[in-house]
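**Student:** What shape does this take:
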Amino acid sequence: MKPEEKILHLAAGNERVMRLLPVFNVSIEQVGCTGSLLCGLENESSDIDMVVYGSAWFTAQENLQKAVEKGEVSGLSEEMWQKVYRKRVPEIDYETFLAHEKRKWNRGGEIDGTYFDLLYTRSYELLGSAGIVKGGKVCGKMTIEATVTDASLAFDNPAVYSVDHEEISKVLSFTHTYSGQARKGEVIEATGVVEEHGDTKWLIVGTTREAKGESIVSKTLMESL
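**Tutor:** Now for the predicted structure:
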C-alpha cells in the first residue's frame with residue numbers, strides 16, 4: 001500500500017484527514033496517510049499518521065507551526081504530552097523530552113481529540129542516497145559527546161546525524177523518539193551501540209523497540225533553557 005496513492009480515498013472517508021490537507025498546504029502527490037488508517041484497521045482512538053515526502057515535508061512542518069500559532073490547529077495539551085511520553089517510555093526525563101519535542105513540529109497536535117504525527121519520508125528519487133545499511137559488526141556500547149555537522153536527515157527513518165567525533169562518524173536513531181532531536185552545530189550526548197561499517201563506526205540508538213539504555217540529548221538546547 002502506498003500512502004500517496006490512497007490519500008484522496010482516505011480523506012473522503014475521514015473528516016479529520018481532510019481537514020489536515022489544507023493545513024500542510026503541499027501538493028497532493030507529496031502527502032499521504034499511513035499506519036492503521038491506511039490498512040483499514042483504525043478505531044475511534046487511533047492516532048493519525050500523516051506522511052509528507054522529501055523537501056515538501058519542511059514546507060508542511062512550517063505551515064503546521066503557523067497553523068498552531070494562529071489557533072487554526074490545536075497544539076498538544078499537557079495531558080496528551082504526558083500520554084506521548086508514557087507511550088515512548090524514553091530514557092530521558094519528562095522535562096528534557098518536552099523541551100526537544102516542542103521544537104520539532106513533527107507531532108502535529110490534536111484534531112477532535114485525536115493526536116496526529118507529521119512523518120518525514122525521503123522522496124523516491126532520494127531513496128538509498130544516504131548509504132545506510134544494517135548489519136555492521138557490533139563493538140559494544142558507548143556514550144559520546146559530539147558536535148552535529150549534518151542534520152539534514154534528522155527526521156528520516158533512521159534519523160541520521162553526522163558528527164565530529166574522534167571515533168564515531170554518525171549517530172543513527174531507529175526510534176521515532178529521537179528523530180529531529182538535534183540541529184546542525186549543536187552538541188549532543190548520545191548513548192547507544194557501536195557498529196563498525198568498513199573503516200567507520202556508527203552509534204546506533206534504538207536497537208530495541210523502547211531503546212532501553214539508549215538516548216540522544218541536545219546539550220546545546222538544554223543549556224539554553
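**Student:** model confidence over the lengthiest strand in the chain, on average?
**Tutor:** Assignment by DSSP state E gives strand 137-153 as the longest strand of the chain. Averaging pLDDT along strand 137-153 gives 96.
**Student:** again, but for stretch 187-197
**Tutor:** 97.
**Student:** mind saving the C-alpha coords of it as CSV?
**Tutor:** Provided in CSV are the C-alpha atoms of stretch 187-197 (Å, rounded to 0.1, in the frame of the first residue of the first chain):
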residue,chain,number,x,y,z
VAL,A,187,26.5,19.5,20.8
ILE,A,188,24.8,16.2,21.6
GLU,A,189,25.2,13.5,24.2
ALA,A,190,24.3,10.1,22.8
THR,A,191,24.3,6.6,24.2
GLY,A,192,23.9,3.6,22.0
VAL,A,193,25.5,0.5,20.5
VAL,A,194,28.6,1.0,18.3
GLU,A,195,28.6,-0.7,14.9
GLU,A,196,31.6,-1.0,12.6
HIS,A,197,31.0,-0.2,8.9
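**Student:** For it, which outside residues touch it?
**Tutor:** 91, 133, 136-148, 161, 163, 168, 171, 181-182, 201-207, 213-220 (CB atoms under 8 Å, 6 or more residues apart in numbering). From N, CA and C alone the C-beta is placed, and that goes for glycine too.
**Student:** Would you mind pulling up the elements that the lengthiest helix in the chain packs against?
**Tutor:** Looking across the chain with DSSP state H, the single longest helix is helix 56-69. The criterion is 3 or more CB pairs under 8 Å, 6 or more residues apart in numbering; DSSP states H and E, and the helices and strands that helix 56-69 contacts are helix 15-24, strand 107-111, strand 114-121.
**Student:** Which among the contacts of stretch 187-197 count as buried?
**Tutor:** With neighbours counted by 16 or more other CB atoms under 10 Å, the contacts of stretch 187-197 contain buried members at 91, 136, 144, 146-148, 161, 163, 168, 171, 181-182, 201-207, 214-218.
**Student:** out of those, which are inside strands?
**Tutor:** Short answer: those in strands (DSSP E) are 144, 146-148, 161, 163, 171, 201-205, 215-218.
**Student:** Mind picking the two most distant members of the residues you listed?
**Tutor:** 201 and 218 (21.3 Å; CB to CB).
**Student:** circling back: sheet-wise, list the partners of the longest strand of the chain with their directions.
**Tutor:** Next to strand 137-153 in the sheet, as set by DSSP bridges, lie strand 159-164 (antiparallel), strand 187-197 (antiparallel).
**Student:** what's the closest residue in space to residue 18 that isn't next to it in sequence in contact with, if anything?
**Tutor:** Using CB to CB, 6 or more residues apart in numbering and skipping residues adjacent in sequence, the residue nearest residue 18 is residue 11, 4.3 Å away. For residue 11, the contacting residues are 17-18, 21, 33, by CB under 8 Å, 6+ apart.
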